[in-house]
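Visitor: Here is a sequence together with a model predicted from it:
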There are 2 protein chains.
Amino acid sequence: MQFNATELKAKLFRGFSDTSRLGILETLRNGPRTVSEMVEITGLTQPNVSNHLACLRECGLVRREQKGKFIYYELSDERISTLMELGDGLVADLAKGFYECTRY
Amino acid sequence: MQFNATELKAKLFRGFSDTSRLGILETLRNGPRTVSEMVEITGLTQPNVSNHLACLRECGLVRREQKGKFIYYELSDERISTLMELGDGLVADLAKGFYECTRY
DNA sequence: TCATCATATCATTATAGACTGATATACTAG
DNA sequence: CTAGTATATCAGTCTATAATGATATGATGA
């Protein structure tokens, strides 16, 4: 399989495009978290969180660090937070559209 | 159906998360385009482009303007370009990860 | 060593949504 | 009005992937 720039960028955004995955990324905006903390905060099941983290890590959006029996995850780049901030602003202004958007 | 902030933001990013849809948005970074121009540039079929544009319009990411027998689409907010720029930068730095990322 | 807790992986199921081909609508020029 | 071009819609198919439950791995402390 071969990728062009647009495909790669689409993949990047796909990291943010699922509610569960974005929820996980949101919890990391305030600093590193363990898997169980994220499970607690998001209400997702543990295997589900681990699966999404595997995706996010494979694509380089998060990195992890083992500390004792816990593994801490964190965002791998400041711009990932920036992207989410930009999203916040846009959603605030376009919110009406997103409420009504039923096509994807 | 009820949405929280994260769900809405995920929806926003979903606009950018599909290669075809992102390709369409990319063509609009240089200004308004007609549907047929986008078909020409992206290589997608016309119904496919129209479908994606309907999504994007419903969610407020693009707006359209009729001029004679053509309909011009354009990005509805500057920050949409900014978001794509940020994406460019991130992909450039994390590209390796995205090449190898096979999980979504 | 074993028991326990934290995290990861795997097979399966279920669903969203991308794409196609056919057709409908809408605008313009003649 | 009609013909031709531009765009939109729709039903059906197909694929990708999110979620689940069961299980495996790995680290810690006793």
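Guide: Here it is on my side, so go on.
Visitor: Lowest mean pLDDT among the helices and strands of chain A, which one is it?
Guide: The weakest-scoring helix or strand in chain A, judged by mean pLDDT, DSSP states H and E, is helix A:78-100 (a mean of 88).
Visitor: Give the other helices and strands that it contacts.
Guide: On a contact count with 3 or more Cβ pairs under 8 Å, 6 or more residues apart in numbering or on different chains; DSSP states H and E, helix A:78-100 meets helix A:19-27, helix B:5-14, helix B:78-100. Placement of C-beta: from N, CA and C, glycine included.
Visitor: Show me which residues of that helix are buried.
Guide: Residues A:79, A:80, A:83, A:84, A:86, A:87, A:90, A:91, A:94, A:97, A:98 are the ones in helix A:78-100 that count as buried (16 or more other Cβ atoms under 10 Å in any protein chain shown).
Visitor: Tell me which residues touch the second one, please.
Guide: It stands for residue A:80. Taking Cβ atoms under 8 Å, 6 or more residues apart in numbering or on different chains, we find residue A:80 in contact with A:25, A:61, B:90.
Visitor: Close to DNA strand D: what parts of chain A are there?
Guide: Chain A comes close to DNA strand D at residues A:14, A:18-21, A:44-45, A:47-48, A:51-52, A:55, A:66, A:68-69, as judged by Cβ under 7 Å from any atom of the strand.
Visitor: If we check chain B, which of these are in contact?
Guide: Intersecting the residues of chain A next to DNA strand D with the contacts of chain B gives A:14, A:18, A:19, A:21, A:55 (criterion: Cβ under 8 Å from any Cβ of the partner chain).
Visitor: What about the residue nearest to the fourth one when sequence neighbours are not counted, how many residues nearby?
Guide: Nearest non-adjacent residue to residue A:21, counting by Cβ to Cβ, 6 or more residues apart in numbering or on different chains: residue A:52, 4.7 Å away. Residue A:52 has 24 neighbouring residues, counting by other Cβ atoms under 10 Å in any protein chain shown.
Visitor: What strand or helix carries residue A:52?
Guide: If you go by DSSP states H and E, residue A:52 is part of helix A:46-58.
Visitor: just the angle between that helix and helix A:5-14, please?
Guide: Calculated by axes from the mean of the first three to the mean of the last three Cα atoms, to 10 degrees, helix A:46-58 forms an angle of 150 degrees with helix A:5-14.
Visitor: Helix A:46-58 near DNA strand C anywhere?
Guide: Yes. Using Cβ under 7 Å from any atom of the strand, helix A:46-58 comes into contact with DNA strand C via A:46, A:47, A:50, A:51, A:53, A:54.
Visitor: Let me know the pLDDT of the second one.
Guide: So the one you mean is residue A:47. For residue A:47, the model assigns a pLDDT of 97.
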